[in-house]
Each structure stands twice: as C-alpha cells, then as structure tokens.
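Participant: after the sequence you'll find the predicted model.
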Amino acid sequence: MVFAGIRTTLIWLVVLACLLVTVTLPVNMQTQLIAGFVVFSIMAAIKMLKATGTWRLVALALGMTIILRYVYWRTTSTLPPLNQPQDFIPGFLLYLAEIYNVMMLLLSLFVVAMPLPSRPFRTIGTLEQIPQVDVFVPTYNEDATLLANTLSAAKAMDYPHDKVQVWLLDDGGTDQKRNSNNLVEAKTAVARYTQLHELCEELGVRYLTRERNEHAKAGNLNNGMKHSTGELIAVFDADHAPAREFLTETVGYFADDPKLFLVQTPHFFINPDPIERNLRTFEHMPSENEMFYGIIQRGLDKWNASFFCGSAAVLRREALETTHGFSGISITEDCETALELHASGWNSVYVDRPLVAGLQPATFASFIGQRSRWAQGMIQILMFRFPPLKRGLTVAQRLCYMSSTLFWLFPFSRTMFLFAPLFYLFFDLKIFTASGGEFLAYTLAYMLVNLMIQNYLFGSFRWPWISELYEYVQTIHLLPAVTSALINPRKPSFKVTAKDESIKVSRLSEISRPFFVIFAVQIIALALTIYRVYAEPYKADITLVVGGWNVFNLILSGCALGAVSERGERQSSRRVQVQRRCQIQLNDVWHDGWIENVSVNGAALRVFNDELHAIDRGSDALIRFQIDGDTEMATLPVNIRDIQTADKLTRIGCKYAPTSAHDHRMIADLIFANADQWTQFQQSRRRNPGVIRGTLQFLSLSAYQTSRGLVYLFRSLRPESEAEKTKQAEGVQA
C-alpha cells in the first residue's frame, strides 16, 4: 500500500512537471496558433468518435494545456506597466476577471469531468419497513387553485396512505398577519386563512400556520417539524406538483445508508422561463436549468456534495434535528442546510429523473428577482459559512461548494468583458499589451478550446453561447444585488418569486432600458472602430482585434434585446402534450375522443364526431377518463370555451370547472401523474449541435432577436390609442 501511494505520487509529480514545461515553453506566434488548432482538431475528433472514459480525460487535459498557456502568456507578457495607472488599473481588473473564469473552469472540470451515471432504482421495502413520511408544502402568497393542484398531486402519490401525511405550511395566514394594524393586510390574511383551512379539510390535508413570520421559508419548515413526527420529510414548493411515483422512486435509498440525509431530484418546469419564451427556444433547446440538474448535480453527487434545492427532495428528520432544523442565516436555506449536514458527516444522493413539475417566473423582471435572491443567498453562504475552511467537509466537498458559491460572482467578470473593448475604442487605454498577431495566436486558440471544453462537459445540455447570453442578461441587474450582499451580507431578505403572472400584451420588459443603452453604445463603438482603422492604419491590427471583441459583445447584446422583449401569450398557462382516451358528455350524450393537451386551467380534446359545431360556447359538460395507474374512471366537470370542426373530427377547448376536492385530484392526475412524459420531453430537446453548427445557429438567433427587439422599441416609442391597446389585448386573449 505504501509503495502504491509513493508510485501514484511520483506519477502525479511527473505529470505536473511535464505540464509546467509545456505551459511555459517559449514558442513563436505561428507555432502557438498551430498548436491551438491541432488541439482543437484532436478534441473534435475524439468527440466525433464518441470516445469516452480515458479518451474524454485526454481531450480535456489537452484543452486545459492550451488554456494554461494562455494564462501564462497573459500573466507574463500582457499586463500594462505599473507606472501607467490609467492603463494598469482597468487592465489588471480585466486580468482578474479572466483568472476568475479560468478558476471556475478548473472547478467545473473537477466537478463534472466524469459525472456519475444515473443511479439504479431502489425499492421501498416491505410494508413493515416503509418509513413514515411527512410532506411539507410551504406557501406564502400563492393562489388557492395552484395550491389545490399541488396538494392533490401530493395526496395521490403511490405510497401507503397510513404512512404519509401532507401538510400545508401557510406563512400567509399567520397570527401576525391576521392581527396586523394594516386593515387590508389583516382582512386578506383572515380570508386566506379561512379559504385554505377549508381547502385542506376537503382534500384531507393538515393545515398549519404559526404566530409570526420569522426566518422566512426555513422558519416555516422548522415550524412544520415541530408539529410532525415522520421519519422522513418530503418538501415541495407550492408550484411543484409531484408525480405518483415520487416517493417510491426516492424513499428506498434511505434504507441503504443510515447516514443519508437527502435524496434530491431535478426541478422540471412545464412552462418556459421568460428568456425561453421570448426567444422561442423552449420546444427544441434544453432549458437553462438542465445543465445544473442534468450534469452538475450528477457531478456533485460523485463527490457526495449534491445539495438540497429547496423542493422536490426527501430529507431525514434525524439528520435535520442534529443541526436544529433547516438553516436560516442566508436566504438560500436549502444549500446552507445541505452544507451544514455535509460538514456533520451526513451523505446525500441525487436521483436524475424528473418527478415534479413546476412553474417558472413568467416575466423577465420576476426572473431577475429570483436570480438576485439566489445570487445574494450564495454570497451569504460564502461569507458566513465559507466552504473552503468549513470544518468537517472533505477536500472534494470544499471544492464543490466553492464552485457552487463562487459562480455567482460572474457579474463582475462579465461586466469587465463587456466594457473592456470600449476602454480602448473610446479612451485609447492600453489595458492589454500585445500585438494583434499575439492576441489572435493566444486568445483565439484559448476561445476555441474553451468552447470545445464547454461542449465536452455539457454537450447536449447547453448549446454554444447560450451560457454567455444568460449570464449577460442577468449581469446588468445582478451586479448591484451581488455588490450589496458583499458590502452588507445581512441586508438581503427572502422574497417569494411570483409564478402566477402572465403577459397578455406584447411589450418591453420594465427593466429593459439598460440593454438598449448598452447596445447603442456598442453600435457607436463599431462605427468608431471603422473610423480608427482608416484614420490610424499603423494601429489597424489592434483596432481590428478589439473591434472584433466589441462585435462579439454586440451579438450578445442584440440577442438580449429579444430576450427582454416580452411576447404576449394567448393562453394564460402552458399546455402539456398528452394522449389519453376519454369521453365527453354533451347534451346528455357521450362521445368518444382523446385528450390532446392539458394545462392547469383547461384541456383540448379531439372528438370522433364532426357534427358538434352547434354546441354553445360557454355550456357545461363532463369528461371522463381512466386514472393513471388504475382501472377507475374519473369524471371532471368542464366549461366549453371553443369548438372547431375539421376532417370528421371536432376539436374542443374546455376550461376546468372544479366544485370539489375530487375534481382537483382529477386535474392533478391529468397534468402531473405521469413523470414519463416529462422525461420524454426533456430527451427530445437534448441533442448536441456541436461548436460550429451551434455558433451558426446562435448567430442566426441573434440577428433575428436584434431586429425583433428594435421593433418592440420603436413600437413602445409610438403613441398608441386606448382603442388599439384594447384591440391588441382582446386579440391576444382570443
């Protein structure tokens, strides 16, 4: 054993020595450029051959060699002189931004270079071994209909009914709110308390509130723990409805490991985030969160560092009690709780299968609000808990938590990359001491290889340049939020993200103005680039390189104009495609058909009868269908909203008209019971276009979204009559 350890150490020392020599080897520009293209080609060939295992590591190692050569060159050859502070200060800030990006890439390599495959299924054991589970659904201001669907789905989970208790933890009807001096707030809280209390009684769910709103969601969950006794605790956000098999797919892992505190599953969303909706990428491109849940969490799981994400998870009560419940120092109680339990020697498991369906923010402003909370919470964890020195964590866990928390500093580096070329073009500041040829030889090779590494790591989960777009659109508004948290980490407070909004009329986001200002400045910088190439031909090489950098930023900024141009939606909720046989009763006659798609508000049916056009819109009807996983037929009252006849079939659009708890259970069964449909939808979007094709696709997307954003801007500047606004709103709602 000792000899094996010495041998391994010697091998690593030899590898590091070779890497050091390779990184610092002096070569001319042509050799450096050729080396970069050769490495890029080798990585592309390995990827095309779909070589895995050791070959994957070889490709990543070759790519990191080029990147580290770039870092060495930047450190030793490109920083402005100290005696020129007007150049050195912005130049050094840009250098720090690049070093931060390389450091985050290295951490990503450690986390996801070889992520764990999907874990095998674990059975929950015999009836005597099945643990008691308390299901917590914390809520603050969510609508009763939304809560009814989530609670109904939770009650319908495939688990012995005497072994599970569902709790609605209501922080919107506390004693503090019901007795508020603000009469409107008090009346609203009393009405909410009464309504939700009755809903819970009807659904067979325990309703629980508390005296005061203290410690936000963490305090609400801890209050739930005080009043419950289950061995395990499942947590679902108010808008996260579980599939029937959620508990059977997660509970079994706890029997394997008595030190297991967490089984986390992905957050799957049935609606697009605002950027996906505005760019229209939801149906054919992986969602932004899939990179985290599809790759990063599996990478963290390899190092026993997969963390609690606030919902869609099961936790062990015994473990939570050792740390006095859910942690609440930060506003991201989920990750903080996991950090404390990992540091106490407990383990976690990640199950990579979507078993809940949730809702994302509908507006760009709400999206930014949600991300600001995440960013500030992670900064609080970094400052209050400081994972690198957290006692009890393994070295691997320290690196994993560093990756997760330090990521949210990206607004600083992204801001520097955005404004760095403008320093030269507008003020002639030389923040990067290099010729145009050197810039191309090192920076171009670095960018190409970096793109290939990202494609290797995240492949079909994140297409080229999409991460850059998401980071850019968040940076503008996250920068002050992150800065505020760094200056005063106790200042941020928990704010619930609105999920029940809708965009009735196409418009610019209320926080879109900075994006148009930046775009205009970059257009001016482009014109200045052209002027300076002709006016200062002796500096044309540098000007062209910096101008090209500005053009890249311009492409991102143009695409962002489309991202903040809110598309109006004809439907208030997203439709989920299904194929379920059904019957619909119209005028006391049952007609055969199938359910085509469903949403939280209604469904679309196809009926085998083309003579139903005389049915009045607004009339009541009944639909009946077989409950998922059962032979029982369920009947659901609906209201007819639309009828269209074509090809001997009639398409009927209907709105649910629930009158009882049974009706809400049927709605939940239609939308949330079958998790397979979510997996199939995810898989249909997961294809890897590659670096070259992905780049071309992004350029095409950016060109279209730039023009769309400018059209929205010109429309917003044009006076519009009230009649036109009303007509547009009615057209969207039709």
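Facilitator: Nice, thanks for sending it over. This one's a predicted model, so the numbers in the text were calculated from it and none came from an experiment. Numbers count the residues shown, from 1 in each chain.
Participant: so who does the residue nearest the centre of the chain touch?
Facilitator: Centroid-nearest residue in the chain, with CA atoms, centre = their mean: N289, separated by 2.9 Å. N289 makes contacts with 267, 269, as judged by CB atoms under 8 Å, 6 or more residues apart in numbering. Backbone N, C-alpha and C define where each C-beta goes, glycine included.
Participant: got a pLDDT number for it?
Facilitator: Confidence at N289, expressed as pLDDT, is 91.
Participant: do the same with R7
Facilitator: Note on R7: pLDDT of 64.
Participant: over to D500?
Facilitator: pLDDT at D500 comes out at 58.
Participant: same question, the one 10 residues further on
Facilitator: You'll see E510 listed with a pLDDT of 91.
Participant: over to A4?
Facilitator: With respect to pLDDT, A4 has a value of 57.
Participant: now E98
Facilitator: 95.
Participant: work out for me the element it sits within.
Facilitator: Element membership for E98 (DSSP states H and E) is helix 85-112.
Participant: who are the packing partners of the lengthiest strand in the chain?
Facilitator: In the chain, assigned by DSSP state E, the strand with the most residues is strand 633-646. Judged by 3 or more CB pairs under 8 Å, 6 or more residues apart in numbering; DSSP states H and E, strand 633-646 is in contact with strand 602-607, strand 620-626, strand 649-656, helix 661-672.
Participant: tell me which of those is the most buried.
Facilitator: Mean neighbour count (mean count of other CB atoms under 10 Å) peaks for helix 661-672 among these, with a mean of 23.
Participant: and the next helix or strand past it?
Facilitator: Downstream of helix 661-672 (by DSSP H and E), the next one is helix 676-685.
Participant: coming back round to it: output the next helix or strand after the helix holding E98 as PDB, nothing but the C-alphas.
Facilitator: Using DSSP H and E, the helix or strand that follows helix 85-112 towards the C-terminus is strand 133-139. Extracted C-alpha coordinates of strand 133-139, given in PDB (Å, rounded to 0.1, in the frame of the first residue of the first chain):
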ATOM      1  CA  VAL A 133     -43.300  10.500   5.600                       C
ATOM      2  CA  ASP A 134     -44.400  14.000   6.200                       C
ATOM      3  CA  VAL A 135     -44.900  16.000   3.100                       C
ATOM      4  CA  PHE A 136     -44.400  19.800   3.500                       C
ATOM      5  CA  VAL A 137     -45.800  22.300   1.100                       C
ATOM      6  CA  PRO A 138     -44.700  25.700   2.300                       C
ATOM      7  CA  THR A 139     -46.700  28.700   0.900                       C
END
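Participant: okay, now A343: neighbour count?
Facilitator: 19 (other CB atoms under 10 Å).
Participant: pretty sure it contacts T394?
Facilitator: No: A343 is beyond contact range of T394, at 9.7 Å (criterion: CB atoms under 8 Å).
Participant: closest one to A216 among the helices and strands packed on strand 633-646?
Facilitator: Closest to A216 of the helices and strands packed on strand 633-646, according to CB to CB: helix 661-672, at 26.5 Å.
Participant: how far is the closest one from where the chain is centred?
Facilitator: 27 Å (CA atoms, centre = their mean, to the nearest Å).
Participant: buried sites along the helix holding E98?
Facilitator: For helix 85-112, the neighbour count (16 or more other CB atoms under 10 Å) marks 87-88, 90-91, 93-95, 97-98, 100-102, 104-105, 107-112 as buried.
Participant: now swap in stretch 139-147 and tell me
Facilitator: 139-140, 142, 146-147.
Participant: quick one: end-to-end length of it, please.
Facilitator: End-to-end distance of stretch 139-147 (CA to CA, to the nearest Å): 8 Å.
Participant: same list (the helices and strands packed on strand 633-646) but as TSV, adding distance to L528 and mean pLDDT.
Facilitator: As requested, the helices and strands packed on strand 633-646 are exported to TSV (distance: least, CB to CB, whole Å; pLDDT from 0 to 100):
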stretch	distance to L528	mean pLDDT
strand 602-607	54	90
strand 620-626	64	89
strand 649-656	54	89
helix 661-672	54	86
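Participant: would you list those in JSON lines and tack on distance to N455?
Facilitator: Listed next are those as JSON lines, based on distance: least, CB to CB, whole Å:
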{"stretch": "strand 602-607", "distance to N455": "38"}
{"stretch": "strand 620-626", "distance to N455": "43"}
{"stretch": "strand 649-656", "distance to N455": "42"}
{"stretch": "helix 661-672", "distance to N455": "34"}
